[in-house]
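> for reference, the sequence and a predicted model appear below.
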Amino acid sequence: MTSLGMRIPLTLVAALALSLGMFGAGALWSVRTRTSSEPPTAAASPKARDMLRFAPGAPQLSMLKVMQAPLMAVPLAEPLNARIAYDESRTTRSSSPVAGRIVELRKQIGDPVAAGEVLAVVDAPDLGAAGADLAKARADERRKDLALVRARELFAGQVLARKDLEAAEADLAQARAESARAALRLANLNPGNSRLDGQRLKLVAPFAGYVTERHANPGMEVRPDLADPLFVVTDLRRLQVVIDLPESTLTKVTLHQPVAVEVDAFPGKTFRGNIERISPVVDPVLRRIQARAIVANAEGWLHPEMYARVTLLPDEDRNAVRVPNGALITEGVQHFVFVEREPGVLVRRKVELAQQDREYSYLAGGLAQNERIVTSGALLLQSELATGQ
């Protein structure tokens, strides 16, 4: 019985194993058949392949810089180095025309001034002496004029000899010459942008503007040959841009040509101006030709001695959407940018280039004006897109 009892479980175990094996094979065949009979999943649409979605506060978003793409004029050449300078036609450098001492200082750097407003008062003894000489010469001229009148009356009454009349006429001529000399000397010591008050000289601003430089201090001894002017007053509403032109761009520049000016202080802000002067000679050291453009500065954003970049613009309207070169993703001969459809949703879009320089690309198609694009971090998004695919 014992051997029979042992044979029965072994038989049952073998049958059970065989049944499980047949069931597993059937299930596997069923799964494979069902999988192969199912239709293949549709490929992702192009929009889905080129779209990235980030949750609010995702760390990737903090590494991106997004800004609007403006519509700009297509330049004739790459940006040129330049600097902001005074408009010399609206700038005055005031100094004392006579030796003296500053007794009153009325304006500081940055102060606005009106036309004719006093900047400083200088006590000048030489100016007082010149004024006294003029007054003395004019008094002597009046006295000799009266003497000539009396001499003519006496000569008419045959009381005075002709030689005495001629002497009186000569004395008056000498007095008039002395008055003219004294007046010229006083005028030489007192040019047009100052006023006299006895021997006090008042330096005044010839036009409205701002004090941009001051080399005057209370009690300072002044003289005409000082190296620096006491005050520099300029009208900051109109400035010049000094441009260094390479010889290769000379044929692209004409008088009154429009230009676009940009400075580092205001990224993305463009100031418009026009070429006013072109130097007729080449700088022998820099091998550059200097040109000057006039730029309006009513808002006061530009400051003299700022470094700037100037773009030469065509006379006709030729505009395109401008994007920084860092916003472009290049794959072979194709170019892409990432457009922000909504916060956290970014779409890669193909664009066409019209022109490219060292800093910017001008697009012929693919992007509309003022669309928001990723200008910093586009490579990160391209990597995320490749990882997702």
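Cool, got the structure. Numbering: from 1, shown residues only.
> kindly export the biggest strand by length in the chain (C-alpha atoms) in CSV.
The longest strand of the chain (DSSP state E) is strand 345-356. This file holds the C-alpha atoms of strand 345-356, laid out as CSV (Å, rounded to 0.1, in the frame of the first residue of the first chain):
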residue,chain,number,x,y,z
VAL,A,345,3.9,76.0,-22.6
LEU,A,346,6.7,76.4,-25.1
VAL,A,347,6.6,75.5,-28.8
ARG,A,348,9.5,75.0,-31.2
ARG,A,349,8.9,76.8,-34.5
LYS,A,350,10.8,76.9,-37.7
VAL,A,351,11.9,80.3,-39.0
GLU,A,352,13.6,81.8,-42.1
LEU,A,353,16.6,84.1,-41.9
ALA,A,354,16.7,87.3,-43.9
GLN,A,355,20.0,88.6,-42.5
GLN,A,356,22.3,87.9,-39.6
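> list of residues touching that strand?
Strand 345-356 is contacted from outside by 47, 50-54, 74-75, 320, 323, 325, 328-329, 334-341, 361-367, 374, 381-382, 385, using CB atoms under 8 Å, 6 or more residues apart in numbering. (Glycine included, C-beta is placed from N, CA and C.)
> now the buried members of those.
Neighbour counting with 16 or more other CB atoms under 10 Å marks 50-52, 54, 74-75, 320, 323, 328-329, 335-340, 361-363, 366-367, 374, 381-382, 385 as buried within the contacts of strand 345-356.
> three-state assignment of E166?
helix (DSSP: H, G, I helix; E, B strand; the rest coil).
> for it, give me the pLDDT.
At E166, the pLDDT value in this model is 91.
> show me how the record splits this structure into domains.
As given by automatic domain parsing, the domain ranges for the chain are 48-74+319-388, 80-87+235-312, 91-124+199-233.
> give me the neighbour count for the residue nearest to R106 when sequence neighbours are not counted.
What sits nearest to R106 in space, not counting adjacent residues and going by CB to CB, 6 or more residues apart in numbering, is V118, at 5.5 Å. V118 has 15 neighbours, counted by other CB atoms under 10 Å.
> what's the spacing between V118 and R176?
34 Å (CB to CB, to the nearest Å).
> low pLDDT regions in the chain?
Applying pLDDT under 70 to the chain flags residues 1-48, 190-194, 388-389.
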